[in-house]
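Peer 1: the sequence isn't on hand, but the structure is:
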C-alpha cells in the first residue's frame, strides 16, 4: 500500500456543550494542524498516489472554509459539538467530496482510503479514517 | 474509524540482559515520550471517542507509576527485559485495566483498539497495538 | 550562561482589529504552545537554574488563567489587540510577577533574563524576551 | 502487534517527468527523513521485535547507497520517476532484501510487515507498507 | 525585545567543491525548512512586530526564487559553495531587500535584527543573523 | 553571525540529591537529545562555519563517553548533581576541548561561541552557552 500525506492548518473559535468538557464549555479556540493521508494500492503511470500539489490545494481550500470563524455560528454544525474528532470527520467528508468533484485530478480515482488527523496541541490529536469504496 | 491520541512521558533507569543489547547491558536510562491512541467506530452523544481529560489523567497516572525508578528493581518485571516494545505492552495492558475499572468514563466502553507508542529518542520508537474485544 | 526551558499550552478565542489582520478580524481562536526559557550566569548549590517543577507549575497556572476563554471579554486587554507577540509579553510579565512573589523558589532570584515563545502553528511563532535586572 | 521504528535520512538530486510535476520537472533535490517501522506478533526471547542497532545500521546502509547522488543517473531507475512514494517502495524492497540476507539477525525472520515513510518537508511525506509473508 | 518567526521551505540540487565535503562533492540535493525571525523593540499601534501575512508571503517568494533548481547553474552563486550557512545569508540578504522595497509593509521599518535558520535534516541546521541598523 | 547546529543523543541513569528534586532523588534515567550550535563571524574559504561531519563525529564521541552508564558512578561527577543544565556545561566543555585538540579541523579555530542544548522530554530542556575567546 502506497501513501502520501499533506499538511495544513486552521484557527477557529468554538464552545462545547456537556459537563464532560469542563472549562471547554466556555467559548475558546484552537489551532488545528491537519494531516490528510491518501492510500492507494498502485502508483499511476507518473509514479504517484495523487497529485501532491492538487491534494495540498484541496486541503488548504477546505481548511480556509473553516478557519478564522466561530464554529458555533456555522449552520452546518447546529446541534453538534465541534470536537476535534468530529471536525476530523468533517474534513474527511469534504476531502472525499473534493475527490469526487475531480479537484485532485484523475489519479485520485483509485484512492482506497483516507486518514485525516487534527493535532490540537503538542499533547493531543484526533482523527478519522475511512475507505472510499465501501 | 475515529481516533484520539494523548501524550505523556516517563524517565526510568534499567539494564538489558543479552549480547544483542551491546552497551545497553549496562545500567542506563531513558525518557519515553508516550502516545496512547484510542480507536472507536462511532462517537458518543457528546461527539467524542473518549473523555480526553480522563484519558490524559489515566495515562499520566500509569506513567507516574513507572517513572523516576530503576525498573530492574520492580518485581513486576523480574526475569524480563524492559525493552521499549515490552514497556509499550505494559502501558497498553494498564490502559486497558484503567478502562475496565471505569477510569476513562462510560464512553470508553466502546473502544475497539488501542495503540501505545514509546519514543525513546528522535530516531527510535516502539509500540504495541491490540483490540479490546477479541 | 545556563538556561532551562519548560512548555505548556493554552487554547483561546479572540478577534483582532485592523485591516492588517484580514480574516483574523473575525472571531476565531488559537492553540498556543508556550515555552518559557530562564537564563542565569551560575547554577545554585543544587546544580540548577531554577526548580523545574515549580517553573512548570507557575507557567501552567499562568496559562490556565488565560485558557478556555474569549480574550475579547478580558478586562485586562480592553483596547488592545491580543496578538501572539502581545500575549508573549503578557505571559512574560506574569512569569516575572510569579518570580517576585516567590512562586519559583529562592533559586529564581538570580535569573538574568527570560524568553517566552508562543507557537501558534507549525509555521508561525512569536516571542518576548527581557532582562530582570534593568 | 508489536512495532519498532528507526530513522535515518538521505539527500538526493533528481528531476521528474510529466506535466503533473510543474516546476519539479527541473533538476532539484530533497532531504528525505526516513522511518522504517517493523511489525511482529510476538517478542523474541530477548524481548525485542528486532535488533534495533542492526535495523538502524541496515537502514543507514540502504540510505547511504542512495544519498549524495543524482538519481536521474542511477541505472536502477531508468525510465521511472523517483517520486517520494516510489522511493519509499525502493527502500522497502531493500529493507526486505537485507532481512532475507540476514543483516537484521535471526529475530527479523518473524517480522510480519514493514512500513517505510519518507518525510520530504514539514508539510509532505509518502510511504509504502507491505506484508512479508504473502 | 519582541520577535515573530515564519516558516517556508525550498528543494534544491547542488554540489560542493572541496575535500572537506566528502561525498557532498557529488551532485545531490536538499530540502531546507526555513525559519525567518524578526526582532523589534516595540510593537506598532496594531500590536504587531510585522504583518505576519506579508512576512510569510515575502519569505515564500524568496524561497520560490531558489527552489526546484540546480544552484550550480545560478549565475548569482558562480565560484561560491552554496553551503547551508551561505544560503542562510542569501535568504537573509533577500529578506532585508524585501523590507527595504516595502514588501513587508510600514511596520517592518523598525525591525532591529533578523535571524534566518535553514534546517537541512532532523540532525543539522545552519543560520545567519544580523542587525539592520549598523 | 553564522551558525551551524548538529544533533546527537545519549541515554543515562542517575539520581539527584536535594529535596528540590522530589521523586528524581531516586535512581532513574533520561534520554537527552543534544544540539551543539557553533557561531562564527565569517565563513572560511570553503564557505562553512565548521566541518559539519567532524562536528557531528566529535559530538557523537562525547555523547558516547557519557551514554549507557549510571552517572552516579562516574568519578568525574563525584559530589555534583548531574542535572540537565550541569550536563549541558559538561558537553560544552568537552566540545571546547575537542576544538582545542583539533578534532573539528582548522576552520573551528575561529568559532566565537557555542550553545549546547539538552532536550530531556517534549516539555523540558536546558542549555549552556559561552564564548571561546574570553
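Peer 2: Now that the structure is in, tell me what you want to look at. Only a predicted model underlies this, so the values are computations on that prediction, with no experimental measurement involved. Numbers count the residues shown, from 1 in each chain, chains lettered A, B, ... in the order given.
Peer 1: so how far is residue D:72 from residue A:47?
Peer 2: 13 Å (CB to CB, to the nearest Å). Where C-beta positions appear, they are placed from N, C-alpha and C, glycine not excepted.
Peer 1: same deal with residue A:24?
Peer 2: Distance of residue A:24 to residue D:72, given as CB to CB: 52 Å.
Peer 1: which one's more surrounded, those two?
Peer 2: Shown here are residue A:24 and residue D:72; by other CB atoms under 10 Å in any protein chain shown, residue A:24 has more neighbours (21 against 17).
Peer 1: for the more buried one, helix, strand, or coil?
Peer 2: Here residue A:24 is recorded as helix under DSSP: H, G, I helix; E, B strand; the rest coil.
Peer 1: report the contact partners of the residue nearest the centre of chain A.
Peer 2: Nearest to the mean C-alpha position of chain A, by CA atoms, centre = their mean, lies residue A:91 at 2.9 Å. The contact partners of residue A:91, by CB atoms under 8 Å, 6 or more residues apart in numbering or on different chains, come to A:34, A:36, A:59, A:62, A:63, A:66, A:116, A:118, A:128.
Peer 1: intersect those residues with the contacts of chain B.
Peer 2: The residues of the contacts of residue A:91 that also fall near chain B, by CB under 8 Å from any CB of the partner chain, are residue A:128.
Peer 1: just the buried residues of the longest helix seen in chain A, please?
Peer 2: Determined from DSSP state H, the single longest helix within chain A is helix A:84-101. Buried residues in helix A:84-101, counted by 16 or more other CB atoms under 10 Å in any protein chain shown: A:84-92, A:94-95, A:98-99.
Peer 1: mind checking the SS state of residue A:103?
Peer 2: Look at residue A:103: counting by three-state DSSP, its state is coil.
Peer 1: tell me the SS of the residue located most distally from the centre of chain A?
Peer 2: In chain A, counting by CA atoms, centre = their mean, residue A:45 sits farthest out from the average C-alpha position, at 27.3 Å. Look at residue A:45: counting by three-state DSSP, its state is coil.
Peer 1: who does the helix or strand containing residue A:56 touch, helix- and strand-wise?
Peer 2: Assigned by DSSP states H and E, residue A:56 falls within helix A:52-64. Packed against helix A:52-64, as judged by 3 or more CB pairs under 8 Å, 6 or more residues apart in numbering or on different chains; DSSP states H and E, are the following elements: strand A:2-14, strand A:28-40, helix A:84-101.
Peer 1: gap between residue A:18 and residue A:27?
Peer 2: Applying CB to CB, the value for residue A:18 to residue A:27 is 15 Å.
Peer 1: please say which of the two ends up with more neighbours.
Peer 2: Taking other CB under 10 Å, residue A:18 and residue A:27 do not tie; residue A:27 has more neighbours (20 against 16).
Peer 1: wait, what's in contact with the more buried one?
Peer 2: A:13, A:14, A:15, A:70, A:72, C:13, C:69, C:70.
Peer 1: ok, these vs chain B, which is closest?
Peer 2: Nearest to chain B, judged by CB to the nearest CB, of those is residue A:14 at 11.3 Å.
Peer 1: now that closest one, nearest residue through space, not along the chain?
Peer 2: Nearest residue to residue A:14, sequence neighbours excluded (CB to CB, 6 or more residues apart in numbering or on different chains): residue A:71, at 4.1 Å.
Peer 1: can you check residue A:10 too?
Peer 2: Distances taken as CB to CB, 6+ apart put residue A:67 closest to residue A:10, at 3.8 Å, once the chain neighbours are dropped.
Peer 1: the one you found: neighbour count?
Peer 2: Neighbours of residue A:67 (other CB under 10 Å): 20.
Peer 1: cool, residue A:82 as well?
Peer 2: For residue A:82, the count of nearby residues is 21 (other CB under 10 Å).
Peer 1: who in chain A is up against chain B?
Peer 2: Counting by CB under 8 Å from any CB, chain A sits next to chain B at A:16, A:18, A:20-22, A:80-86, A:88-89, A:117, A:122-130.
Peer 1: now, those that are in helices?
Peer 2: Mapping the residues of chain A next to chain B onto helices (DSSP H) picks out A:84, A:85, A:86, A:88, A:89.
Peer 1: and the closest residue to the third one other than its chain neighbours, what does it touch?
Peer 2: What it means is residue A:86. Nearest residue to residue A:86 in three dimensions, chain neighbours excluded: residue B:47, at 4.8 Å (CB to CB, 6+ apart). Taking CB under 8 Å, 6+ apart as the contact definition, residue B:47 lies against A:16, A:80, A:81, A:82, A:83, A:85, A:86.
Peer 1: so which of those residues comes closest to chain C?
Peer 2: For the contacts of residue B:47, the minimum distance to chain C (CB to the nearest CB) is 10.0 Å, reached by residue A:16.
Peer 1: check contacts around that closest one.
Peer 2: Going by CB under 8 Å, 6+ apart, residue A:16 touches A:24, A:25, A:81, A:82, A:83, B:46, B:47.
Peer 1: who touches the second one in this structure?
Peer 2: The reference is to residue A:25. Residue A:25 touches A:15, A:16, A:17, A:18, A:19, counting by CB under 8 Å, 6+ apart.
Peer 1: measure residue A:2 to residue D:74 for me?
Peer 2: Distance, residue A:2 to residue D:74, by CB to CB: 20 Å.
Peer 1: those two: which has the busier surroundings?
Peer 2: With neighbours defined as other CB under 10 Å, residue A:2 and residue D:74 compare such that residue A:2 has more, 26 against 16.
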